[in-house]
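Student: only geometry, no sequence info:
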């Protein structure tokens, strides 16, 4: 299915090497006019990275994130993101709208948003996810074949100018110059970042009595405002009940565990948490 979606939307793609348009040959390879070639995998994703990249987003972390997502951990955030898109995009005069999830991880957020939108809107929404993690895109292409998935660098997004009515950037680094280039003139950028209380129980267990125990997203918000005109901002705050298995998956999923000692992580497993605080700031902006 993903290969057919690429064919249907071939006008979106541009070569990350020379910038020329690309064509899909035999549903197997994307090739530009200068013969730069990018093969599709068996599951239909395309790897546009020119050099291999090491990332801490490994297979175990991404599998855990996929399981946590399927258990509705992010549901209130996904619901709000979908409502924002419906508010600002559904009244445009078009039959189809493209959404790019920049930093899509293992694809769950994009897939859930697309499903919600297509249940509620007269417009047909199609999704493309891009992430630097090959392991994440592998999972996405197997789990959610109705979308297009690409391994790629946000500093060199392999798509033509002004093609996306919505760009999602959920719990991921940003590249605002590329977002400005690829978003349509009527388009919106939705960025989701952790709030100060996000996973505060784990932060306390891992980094109690250190400067890492507290977190502020003020710099991220300022950077967003410097690059896009903010039209909507809100906090989403809720708690999630945990059992032992859910907690284990959550710990494996979160980057908070990357710099925590093995002893602190084991202590979190041993103590257990019955509830965890989830805190997001959702920003929506348009081109300046």
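Tutor: That came through fine. Treat the numbers as computed from the prediction; the structure is a model and nothing was measured.
Student: point out where the stretch 151-288 of the chain drops to low pLDDT.
Tutor: In the predicted model, the stretch 151-288 of the chain carries pLDDT under 70 at residues 211, 213.
Student: repeat that with 50
Tutor: Low-confidence segments of the stretch 151-288 of the chain, defined by pLDDT under 50, are absent; every residue clears the threshold.
Student: residue 10 touches residue 31, doesn't it?
Tutor: No. Residue 10 is beyond contact range of residue 31, at 11.1 Å (criterion: CB atoms under 8 Å). Using the backbone N, CA and C atoms, a C-beta is placed for each residue, glycine as well.
Student: between the two, which is the more surrounded one?
Tutor: The residue with more neighbours, out of residue 10 and residue 31 and counting by other CB atoms under 10 Å, is residue 31; that gives 17 against 13.
Student: can you pull the contacts of the more buried one?
Tutor: Residue 31 makes contact with 22, 23, 25, 37, 38 under the criterion CB atoms under 8 Å, 6 or more residues apart in numbering.
Student: related to what we said a few turns ago, between residue 10 and residue 31, which contacts overlap?
Tutor: 22, 23.
Student: my guess is residue 196 contacts residue 279. True?
Tutor: Yes. With contacts defined as CB under 8 Å, residue 196 counts as touching residue 279 at a distance of 6.7 Å.
Student: in the stretch 1-150 of the chain, which spans are strands?
Tutor: For the stretch 1-150 of the chain, applying DSSP state E, counting those that start in this stretch gives strands covering 22-25, 29-32, 37-39, 46-47, 96-102, 124-131, 148-151.
Student: any chance of those strands in JSON lines, plus distance to residue 241?
Tutor: What follows is these, written out as JSON lines (distance: least, CB to CB, whole Å):
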{"stretch": "strand 22-25", "distance to residue 241": "46"}
{"stretch": "strand 29-32", "distance to residue 241": "45"}
{"stretch": "strand 37-39", "distance to residue 241": "44"}
{"stretch": "strand 46-47", "distance to residue 241": "39"}
{"stretch": "strand 96-102", "distance to residue 241": "28"}
{"stretch": "strand 124-131", "distance to residue 241": "29"}
{"stretch": "strand 148-151", "distance to residue 241": "32"}
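Student: tell me which of those strands sits most buried.
Tutor: Each of those was given a mean neighbour count from mean count of other CB atoms under 10 Å, and the largest, a mean of 28, is that of strand 148-151.
Student: how distant is it from the center of its chain?
Tutor: When C-alpha coordinates are averaged (CA atoms, centre = their mean, to the nearest Å), strand 148-151 and its chain have centres 11 Å apart.
Student: ok, residues contacting it?
Tutor: Applying CB under 8 Å, 6+ apart, the external contacts of strand 148-151 come out as 2, 5-6, 9, 44-49, 104, 107, 126-134, 137, 140-141, 158.
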